[in-house]
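[1] how would this look folded up:
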Amino acid sequence: MMHRKRRRILIGLVAGGVGLSVILFGGYGLNLVSAVDRSTYEDLEAFTNVLAIVRKNYVEETETQALIEGAINGMLGALDPHSAYLTPDSYKELQVDTEGSFGGLGIEITLRDGILTVVSPIEDTPAYRAGVQAGDQIIKINDELTKDMSLIQAVKKMRGKQGTEITISVRREGVPRLIDVSLIREVIKIRSVKSKILEEGYAYIRVTQFQDRTSNDLDTVLKKFGQEDVPLQGMVLDLRNNPGGLLSQAVKVSDLFLSSGMIVYTEGRLESQQQKYFARPGGYTDIPMVVLVNGGSASASEIVAGAVQDHGRAVVLGIKTFGKGSVQTILPVDGGAALRLTTAMYFTPNGRSIQAKGIAPDIELENLPEAYAAARRRHGVREENLSGHFGNISNTPSETEGDSPADAEAAPQALPEIDIKEGELGKDPQLDRALELLKSWKVFQTTVAEAKG
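    So this is what the prediction gives:
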């Protein structure tokens, strides 16, 4: 029996249809056809024999196309959690997603131990506004149990017309009973860059995803801040719960803050998959910066955090990131479908592989009291929790990391309400600490300058 691997899927529900959106690290130009040896042809003959037997003897009449699609899905599912077959509709939705507009509930999900689990809600979506949290287990969809339900089946259950209602029942750590969450499906337009002035001279910029226009929008925001009466003395770049996006945008965003040196490089089996990306002169390289990350920061977010960390350009603050260090290439096939195939691994400038390890912050700081933090460490979803993930292949030596014994202890059955609002001073401990660091940075520079004078 073919073993099925878990895959992360971003629920995309459009009017009258459903789109499956994923973290896209793409490129084209790989050869789609190559010579195969004799044993491969013999295996293909075995496949056609099985196909014929199933079509003739199965209890119900089957469509050849459906059987072949199932076989393709099984083949790719046997590789790693991020390789998949995209139907024509899924492929179209994926292309729309990277442009920042798609239909959906705004929930990124995975299967963990056979249970439908939320990786993270996307900011300013129905799921986010309704209070769905990372680590929530979706037990029911409109009163139907999700046990043994595949991700594709779950998506089909959740799809529907814009404006229609759906109820999901979630199990949450520390809550004794299921929580029913009513959501109204809508077309979601994600603004990938959000910004504001925290205090005079200190800016806050949040990047929610890496889309086609992210670097341009970020550049526009930084230019605007540069025209303020009080010049910027520090900035916070918030990459928390950013699931990733386009590799090209991760490079361009990093380039805004680096004047030279390598940003990231990739290694794969083919020569075309050996790529190196470098920063160019210019950009915003003199503004003190703190980068915020957490367990929901993945892929493109980790590239940016790893690049500025290796170059000593910024202080990275928060908790260890998701740990997705593989590159997916989208390869179109006949009929409007496509393959999303893992073709390479990426490395930070210092040769670190993030795969199944993540970026360890310079300053580790939870945004939750310890009881909540321990629960999240046990039930949060990271790359290393996904079945079939690649192990870490860092080019630099590293110490083995693991959960402390305290993490394995049972959490309280009921936890008190807390008022954490990311992006709001006084209600976001990580942001508060970041601003303190930036202010002390200025004091340190002033002290050094006076000492030299």
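[2] all contacts plus neighbour counts: C-alpha atoms, from now on.
    Fine.
[3] what about the stretch 251-400 of the chain, any weak spots by pLDDT?
    Applying pLDDT under 70 to the stretch 251-400 of the chain picks out residues 369-391, 393-400.
[4] ignoring the adjacent residues along the chain, who's closest to the residue nearest the centre of the chain?
    The residue lying closest to the centre of the chain (C-alpha atoms, centre = their mean) is Pro243, at 2.1 Å. Among residues not flanking Pro243 along the chain, Ala298 sits closest, at 4.8 Å (C-alpha to C-alpha, 6 or more residues apart in numbering).
[5] checking the one you found next. Helix, strand or coil?
    Of the three states, Ala298 takes coil under DSSP: H, G, I helix; E, B strand; the rest coil.
[6] state the number of residues packed around it.
    Other residues within reach of Ala298, judged by other C-alpha atoms under 10 Å, total 30.
[7] can you list contacts of stretch 246-260?
    23-26, 98, 210-212, 214-215, 218-219, 263-264, 277-285, 300-301, 303-304, 307-308, 313 (C-alpha atoms under 8 Å, 6 or more residues apart in numbering).
[8] so of those, which ones are in strands?
    Taking DSSP state E, the ones among those that sit in strands are 263-264, 277-278.
[9] one step back: pretty sure the residue nearest to Pro243 is touching Thr208, no?
    No. Using C-alpha atoms under 8 Å, Ala298 is not in contact with Thr208, being 11.1 Å away.
[10] need the residues touching each of those two.
    Joint contacts of Ala298 and Thr208 (C-alpha under 8 Å, 6+ apart) are 241-243.
[11] who touches the lengthiest strand in the chain?
    Ranked by residue count under DSSP E, the longest strand found in the chain is strand 338-347. Outside of strand 338-347, the residues within contact range by C-alpha under 8 Å, 6+ apart are 80, 82-88, 91, 264-269, 273, 325-333, 353-355, 394.
[12] now the buried members of the residues you listed.
    Buried by 16 or more other C-alpha atoms under 10 Å: 80, 82-88, 91, 264-268, 273, 325-332, 353-355, 394, out of the contacts of strand 338-347.
[13] so of these, which ones are in strands?
    Using DSSP E, the buried ones among the contacts of strand 338-347 in strands are 84-86, 264-268, 326-332.
[14] shouldn't Ala71 be within a strand?
    No. Ala71 sits outside any strand when classified using three-state DSSP, being helix.
[15] count of residues packed around it?
    15.
[16] Leu198 versus the closest residue to Asp428 other than its chain neighbours, what's the distance?
    Spatial nearest neighbour of Asp428, excluding adjacent residues (C-alpha to C-alpha, 6+ apart): Glu422 at 5.1 Å. Using C-alpha to C-alpha, to the nearest Å, Glu422 is found at 13 Å from Leu198.
[17] so between the two, which is more surrounded?
    Leu198 (18 against 15).
[18] check which helices and strands whichever strand or helix holds Leu51 is in contact with.
    In this structure, Leu51 sits in helix 38-57 according to DSSP states H and E. Counting contacts by 3 or more C-alpha pairs under 8 Å, 6 or more residues apart in numbering; DSSP states H and E, helix 38-57 packs against helix 64-77.
[19] domains of this structure?
    What the record gives for the chain is the domain set 9-29+39-188, 191-323+340-397+421-446, from automatic domain parsing.
[20] now do the first one: distance to the chain's middle.
    Spelled out, that is domain 9-29+39-188. 16 Å (C-alpha atoms, centre = their mean, to the nearest Å).
[21] the last one too?
    What separates the centre of domain 191-323+340-397+421-446 from the centre of its chain is 12 Å, taken as C-alpha atoms, centre = their mean.
[22] Three-state assignment for the residue nearest to Leu368 when sequence neighbours are not counted, please.
    Spatial nearest neighbour of Leu368, chain neighbours left out: Ile420 (7.7 Å); criterion: C-alpha to C-alpha, 6+ apart. Of the three states, Ile420 takes coil according to three-state DSSP.
[23] who does the helix or strand hosting Val187 pair up with?
    Per DSSP H and E, Val187 falls inside strand 186-189. In the sheet, strand 186-189 lines up against strand 101-104 (antiparallel) (DSSP bridges).
[24] show the contacting residues for the residue nearest to Lys442 when sequence neighbours are not counted.
    Leaving aside its sequence neighbours, Lys442 sits nearest to Gln233 (C-alpha to C-alpha, 6+ apart; 7.4 Å). By C-alpha under 8 Å, 6+ apart, Gln233 lies in contact with 201-202, 287-288, 438, 442.
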